[in-house]
Each structure stands twice: as structure tokens, then as C-alpha cells.
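Visitor: the sequence and its predicted three-dimensional model are supplied below.
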Amino acid sequence: MIDSHCHLDSSRYDEDRDALLERAWAAGVRGILSIGIGEGPETMHRALEISREYAGRPETPRIWASAGIHPHEARLADEAAYVKLDGLLEEPEVLACGEIGLDYFYDHSPREEQKAVFTRQMEIAAGRRKPIIIHCRPSQNSADAWDDTLAMLRTQWGRTGLGGVLHCFTGEERHAREAMGLGFLISFAGNITFPKAQAIRDAAAAAPLDRILIETDGPFLAPVPNRGKRNEPGWVKEVAVTIGGLRGMDPEAVAAQTSVNFGALFHPETISGSTDLHG
Ligand SMILES: [Zn+2]
Ligand SMILES: [Zn+2]
């Protein structure tokens, strides 16, 4: 399995990162995309550091990184942050720009600022030829952030042909369909196991098998039966089990197919085994 989205740089993992990576390996996780948003632009390089720290370690999943400015921190984006992002995206272990997008649920940054920072990051990612990982959360009982995100992807991203991921998908089926038309994969997280998440399960049952990914979004959103606890990469298995149940497939088949999908989008094999990268 590949956990396509985990905040491995979270301080909540500082005490036992080695142990939880061993547990992930034992659970069958062979790769983790560590999301490099840090606690803001200042620390968005931490995911890459972790990727290099663990490269080549036996019985530990391969760790890749992303880099980006989360919409929550859009108000902290300045020229120095964009220069830093551009430099990180040049690194071979940094597979994607993200998570970037729009969050109208918390509105931690003004919406116009979120849009401007999202746009600028798409330009930088396009320049480095890296896919993007989208975070999108609308305000309560609304599709507002989906409408804006998809409009921006349509006008600015579709033509790049680089694609990306809608991470922790919670939208409606029509949003998934439109994004897939723009070259996106749909990634499902631990919240697919929550009793009230029928809409997410419907989307996961309807999406073509070659367009889905699985993720934990750890340390957040631990799946049932560990809901409420700190999430960790080994628990991505629960997502594979749930999707398998929805589609009448073995979890192993879901794991294998989502790993193939991950490879087709990010091409991580071009750097796998190159432990000299951090020498
Ligand atoms: Zn997110
Ligand atoms: Zn995340």
C-alpha cells in the first residue's frame, strides 16, 4: 500500500516516528507521500528532510515529499515563501506541490488571498512540471469552495496536463467527475469509515478504479475503529478495506491498484533506490 497523504513532519510524531514507520511497514505500507506544508511556509522543507533521513532504511516505507502553502496559511505567503517553494519543487524527492487550494470552512486567511496564493502556486508548480495536491473545504452546507476550486483548475491547470490529486475527498460525485476530466485522481481518507460519510462512500464506489488513491491524512482523521486517536500510516489499511467492501474487491487488490495509480501520476520510480541523493 501507499499512503498518498500523511503529515509525517507533525510534531505529534516526534516521539515515535521510527516505531510508527516500522508499524506501517509491518502493515504492508511500502510508500508514504509526506505532505510538506509544515506549520507554515517557514517549515515546508521538513517533509523533504524526513524523506532524506529515512531513505534506504530497511523495513521502512519509502518516503517522498511534497511542498506547498496550505490555504490556512495563505496570509503568510510572501516572495521568500514562493522562492523557497520553487526551490523545493526542483528536488527529485518532492513529487508534488501541495497541499494547496481553498478552505472556506475555517477561513483562516481571507478568501481573495487564498485564491491569489493558490494561483501563484499553480504557476510555480507548472514551471517545475509537478502535479498538485488539492485541499478543498467549502463552508457549511455549501459547495462554494468546490465551485471556485474547479473553476480555477479549469482555467489554469487543465491545460498543463500535469494532473494532481483531490485529497481527502468529501465533495459530491459531480465534483469528482469534473476533476477527473482535468486529469485528477481522487484520494479517500479515514473519514470514509465514519458512519455519517455515506456520500464519500458513494463517490468511492462510483469512481473508476484507475482514478483513486488511499491516504491517512495523519495525524488527523483516524479511521474507525481508532477514530479520535492520532492517525498513522499503517491505518491506511482501513481505507483499503472499506473501499474493497464497497466494490466487492479484496483489500489487497485495492492496495495494488491504488499503488499503480500513484506511480502513474507521480513517477516516483525515477528516484527510488537513489539513496545517494542525500549523501
Ligand atoms: Zn487537507
Ligand atoms: Zn493534509
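Guide: Everything's here; your move. Ligands and ions are numbered 1, 2, ... in the order given.
Visitor: can you tell me, leaving aside adjacent residues, what's nearest to residue 26?
Guide: residue 234 (7.2 Å; Cβ to Cβ, 6 or more residues apart in numbering). To be clear about C-beta, it is placed using only N, CA and C from the backbone, and glycine gets the same treatment.
Visitor: wait, the one you found sits on residue 24?
Guide: Yes - if you go by Cβ atoms under 8 Å, residue 234 and residue 24 touch, sitting 4.2 Å apart.
Visitor: so the closest residue to ligand 1 within the stretch 1-150 of the chain bridges to which residues?
Guide: In the stretch 1-150 of the chain, the residue that lies nearest ligand 1 is residue 135 (3.5 Å; Cβ to the ion). For residue 135, the beta-bridge partners under DSSP bridges are residue 101.
Visitor: for it, give me its contacts.
Guide: Each residue near residue 135 by Cβ atoms under 8 Å, 6 or more residues apart in numbering is listed here: 70-71, 98-103, 167-168.
Visitor: strands - which of those land there?
Guide: Of these, the ones assigned to strands by DSSP state E are 98-103.
Visitor: show me where pLDDT drops low in the stretch 1-150 of the chain?
Guide: For the stretch 1-150 of the chain, no stretch has pLDDT under 70.
Visitor: ok, which stretches of it are helices?
Guide: Remark: helices assigned in the stretch 1-150 of the chain by DSSP state H, counting those that start in this stretch are 17-26, 46-54, 79-89, 111-128, 144-156.
Visitor: neighbour count winner among residue 234 and residue 24?
Guide: Each of residue 234 and residue 24 has its neighbours counted (other Cβ atoms under 10 Å); residue 24 has more, 29 against 22.
Visitor: state the distance from the more buried one to residue 31.
Guide: In this view, residue 24 and residue 31 are 10 Å apart by Cβ to Cβ, to the nearest Å.
Visitor: identify the contacts common to those two.
Guide: Both residue 24 and residue 31 are in contact with 3, 61, where contact means Cβ under 8 Å, 6+ apart.
Visitor: so who does the closest residue in space to residue 72 that isn't next to it in sequence touch?
Guide: Residue nearest to residue 72 in three dimensions, not counting chain neighbours: residue 108, with 4.1 Å by Cβ to Cβ, 6+ apart. Going by Cβ under 8 Å, 6+ apart, residue 108 touches 71-75.
Visitor: with respect to residue 214, which of those is nearest?
Guide: Relative to residue 214, the closest of the contacts of residue 108 is residue 71; by Cβ to Cβ it sits at 23.0 Å.
Visitor: hang on, that closest one packs against residue 117?
Guide: Yes - if you go by Cβ under 8 Å, residue 71 and residue 117 touch, sitting 7.3 Å apart.
Visitor: anything in contact with each of those two?
Guide: Here residue 71 and residue 117 have 100, 109 as joint contacts, going by Cβ under 8 Å, 6+ apart.
Visitor: who has more neighbours, these two?
Guide: Comparing residue 71 with residue 117 by other Cβ under 10 Å, the one with more neighbours is residue 71, at 30 against 26.
Visitor: dump the residue contacts of that one.
Guide: Residue 71 touches 100-103, 108-109, 114, 117-118, 135, counting by Cβ under 8 Å, 6+ apart.
Visitor: top of these by neighbour count?
Guide: Among the contacts of residue 71, residue 100 has the most neighbours (other Cβ under 10 Å), with 31 neighbours.
Visitor: hang on, it packs against residue 70?
Guide: Yes - look at residue 100 against residue 70 with Cβ under 8 Å: they come within range, at 7.2 Å.
Visitor: which bits of the stretch 101-250 of the chain sit near ligand 1?
Guide: Contact residues, the stretch 101-250 of the chain versus ligand 1 (Cβ under 5 Å from the ion): residue 135.
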